[in-house]
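Asker: one predicted model, sequence on top.
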Amino acid sequence: MNREIDLASTIVAIATPPGVGALGIIRISGPAALEIASKIFQGKHELSPWHLVQGNLFDFESGEFFDEATAVYFPASRSYTREDMVELICHGSPVILEEVVRLALKAGARMAHPGEFTLRAYLNGRIDLLQAEAVNDLIRATSLRQARLSFYQLNGRLSRKIDGLRESLIYILSQIEAAIEFPDEGILLDKEQIRKKIKEVIGELDKLIESHNLGEAMMRGVTLALVGRANVGKSTLFNALLEKDRAIVSPFPGTTRDYLEEKIKIDDLIFNLVDMAGLGKPDHPVEEEGIRRGRQLASQAEGLLIILDNSQPLCDADLEILSLARDKKAIFVLNKIDLPAQIEREKLNALAGGSKLIEVSALFRLNLDKLKRSIAEVFSPALNKNYENVIFHWREKAALERTKEALTQVLEKQNGGYSDEIIAEELRLAADTLGQLTGEIKSEEIINAIFSEFCIGK
């Protein structure tokens, strides 16, 4: 890996978030954890496994005490890292926490790398890579539903699913390889049964791959661009959805010349709303640059909210903007329904095609709940599906897609009359890819990518 991990060393880090708090935790893990902690902490009783001991923090350089604290000793057999580990719990002053770390370093520990506690848990066989990612997902959960799913993954539910699929592939592979290696034994392959088993595995992979849409919306959010010509009420709607005055609103066209981005939460899902300059003919060089950026953002967004003005007839600029919805999911938002209608409804319905059309008044907050429900339904249709497992990371989705592609190749090559040796190689590729997913087959690049995202105390 890019950073050298010395499992013989003892590491220390603050395990609670930065800032002032009532309590703070310092975690020490490694072969000398108990020895180092005993230099810093003097308890009323000797530290014994899994018992909370009261005492004081001690500066062994000056010979002075500097805080009340409690300590817990976790022996290697039952600790988070599967190493001897001590957690010191004291007052959450940054000065006190940093002093404890300084003394631990003086006593022979070294600073933990980001994610190194969980990395050691993985390297010592306590958890696999999927469980390690679930630790970080649980810490960063944006909703209770995501927290629950991450908790189940931390407890191995997704890992067991992946292991089961891999075992199915290895069993099929063993049958094919036995027929290859022992041709004189008269081993007959039931190719139809093999095809059936592979199709079953592909079906399970499809469910997991599909769940990533929900996982992405829960964790990072779906980016939605608010597009429309100038003065149709994009910024008013932006503020109304956020329930705060984030964008400047005025009756004069071209008020928004750059773009604003904010997050909203709907039904446990995160949406990144982008308010941008009105599209159309610019009246100023700055507005022209805003429109250029707006078009770029609209092309990159995962979905569009196309805003139209109910009080104005459709114009050429509207028709050009409507064309943006051809290749993307979109909701047509007919704004200003509090004003007399001038827009051609039949023409608008025809142009919208199968896309949803929601009528609102952003100024008077009319039908915003309906719009929010539609946003969740259109841009995350998996919301109401009861997935047993949800894929949160692109790494996981990509591995599942590579596995599916390899298995699809197996079926095609079976149909094409390819040799068992070639088919076995595709099956081995699929099984190895699933093995990398859990970390059973180690990849330094993948391990580095995962643990570099962690906060230092984990």
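Answerer: Sure thing, it's come through.

Asker: list the contacts of Ser9.
Answerer: 30, 109-110 (C-beta atoms under 8 Å, 6 or more residues apart in numbering). The C-beta positions use only the backbone N, C-alpha and C, and glycine is treated the same way.

Asker: and it, helix, strand or coil?
Answerer: coil (DSSP: H, G, I helix; E, B strand; the rest coil).

Asker: from Glu261, how far off is it?
Answerer: 43 Å (C-beta to C-beta, to the nearest Å).

Asker: quick one: the residue lying closest to Phe454 once chain neighbours are set aside and Ala449, what's the gap?
Answerer: The shortest distance from Phe454 to any non-neighbouring residue, by C-beta to C-beta, 6 or more residues apart in numbering, is to Gly115 (2.8 Å). Counting by C-beta to C-beta, the gap from Gly115 to Ala449 is 11 Å.

Asker: same drill for the two, tell me which one is more crowded.
Answerer: Per other C-beta atoms under 10 Å, whichever of Gly115 and Ala449 has more neighbours is Gly115, with 23 against 12.

Asker: can I get the contacts of Ser9 in a markdown table with secondary structure?
Answerer: Output for those, formatted as a markdown table (three-state DSSP):
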| residue | secondary structure |
| --- | --- |
| Gly30 | coil |
| Ala109 | coil |
| Arg110 | strand |
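
Asker: just the buried residues from those residues, in PyMOL please.
Answerer: Per 16 or more other C-beta atoms under 10 Å, the buried members of these correspond to this PyMOL selection:
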select buried, resi 30+109
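
Asker: so what pairs up with Val53 in the strands?
Answerer: Under DSSP bridges, the beta-bridge partners of Val53 are Ala71.

Asker: going forward can the numbers begin at 467, since that is how I track them
Answerer: Noted, 467 is the first residue going forward, which turns the last one into Val519.

Asker: and the pLDDT at it?
Answerer: Looking at Val519, its pLDDT stands at 97.

Asker: count of residues packed around it?
Answerer: Neighbour number of Val519 under other C-beta under 10 Å is 17.

Asker: could you check how far it is from Ile736?
Answerer: For Val519, the distance to Ile736 equals 42 Å [C-beta to C-beta].

Asker: then Gly687?
Answerer: Following C-beta to C-beta, the distance that separates Gly687 from Ile736 is 3 Å.

Asker: overlap in contacts, those two.
Answerer: Lys729.

Asker: tell me the mean pLDDT for stretch 804-814?
Answerer: The pLDDT scores in stretch 804-814 average 89.

Asker: follow-up on the earlier one: of all the contacts of Ser475, which comes closest to Ala897?
Answerer: Gly496 (35.1 Å; C-beta to C-beta).

Asker: tell me the pLDDT of the closest one.
Answerer: At Gly496, the pLDDT recorded in the model is 97.

Asker: okay, the closest residue to it other than its chain neighbours: pLDDT?
Answerer: Once flanking residues are discounted, Gly496 sits nearest to Thr476: 2.9 Å by C-beta to C-beta, 6+ apart. With respect to pLDDT, Thr476 scores 97.

Asker: distance from the chain centre to stretch 630-645, please.
Answerer: Offset of stretch 630-645 from its chain centre (C-alpha atoms, centre = their mean, to the nearest Å): 32 Å.

Asker: would you mind writing the CA trace of it as CSV?
Answerer: What follows is stretch 630-645, C-alpha atoms only, in CSV (Å, rounded to 0.1, in the frame of the first residue of the first chain):
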residue,chain,number,x,y,z
GLY,A,630,-22.8,-16.9,-1.1
LEU,A,631,-22.8,-15.8,-4.8
ARG,A,632,-19.0,-16.4,-4.9
GLU,A,633,-19.4,-19.8,-3.5
SER,A,634,-22.0,-20.6,-6.2
LEU,A,635,-19.5,-19.6,-8.9
ILE,A,636,-16.6,-21.5,-7.3
TYR,A,637,-18.8,-24.7,-7.1
ILE,A,638,-19.6,-24.4,-10.9
LEU,A,639,-15.9,-23.7,-11.6
SER,A,640,-14.9,-26.8,-9.6
GLN,A,641,-17.2,-28.9,-11.7
ILE,A,642,-15.8,-27.6,-15.0
GLU,A,643,-12.2,-27.9,-13.9
ALA,A,644,-12.8,-31.4,-12.7
ALA,A,645,-14.0,-32.3,-16.2
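
Asker: what residues sit buried inside it?
Answerer: Buried residues in stretch 630-645, counted by 16+ other C-beta under 10 Å: 631-632, 634-636, 638-639, 641-642, 645.

Asker: could I get these as a markdown table with distance to Leu595?
Answerer: A markdown table is the format used below for the buried residues of stretch 630-645 (distance: C-beta to C-beta, whole Å):
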| residue | distance to Leu595 |
| --- | --- |
| Leu631 | 16 |
| Arg632 | 13 |
| Ser634 | 20 |
| Leu635 | 18 |
| Ile636 | 19 |
| Ile638 | 24 |
| Leu639 | 22 |
| Gln641 | 28 |
| Ile642 | 28 |
| Ala645 | 33 |
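
Asker: which strand or helix spans Leu903?
Answerer: helix 886-904 (DSSP states H and E).

Asker: can you name the element that comes right after that helix?
Answerer: helix 910-917.

Asker: which residues sit against that next one?
Answerer: Residues from elsewhere that reach helix 910-917 (C-beta under 8 Å, 6+ apart): 467-469, 579-582, 584-585, 588, 595, 598-599, 861, 902, 905.

Asker: give the buried residues for that helix.
Answerer: In helix 910-917, the ones that count as buried by 16+ other C-beta under 10 Å are 912-913, 916-917.

Asker: what's the angle between that helix and helix 886-904?
Answerer: Going by axes from the mean of the first three to the mean of the last three C-alpha atoms, to 10 degrees, helix 910-917 is angled at 30 degrees with respect to helix 886-904.

Asker: restricting to C-alpha, output helix 910-917 in CSV.
Answerer: What follows is helix 910-917 as a C-alpha-only set of coordinates in CSV (Å, rounded to 0.1, in the frame of the first residue of the first chain):
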residue,chain,number,x,y,z
GLU,A,910,-3.6,-2.5,-2.4
GLU,A,911,-5.2,0.2,-4.6
ILE,A,912,-8.7,-0.6,-3.4
ILE,A,913,-7.6,-0.8,0.3
ASN,A,914,-5.9,2.6,0.1
ALA,A,915,-8.9,4.2,-1.6
ILE,A,916,-11.3,2.9,1.1
PHE,A,917,-9.3,3.8,4.2
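
Asker: give the rounded mean pLDDT of that helix.
Answerer: For helix 910-917, mean pLDDT is 78.
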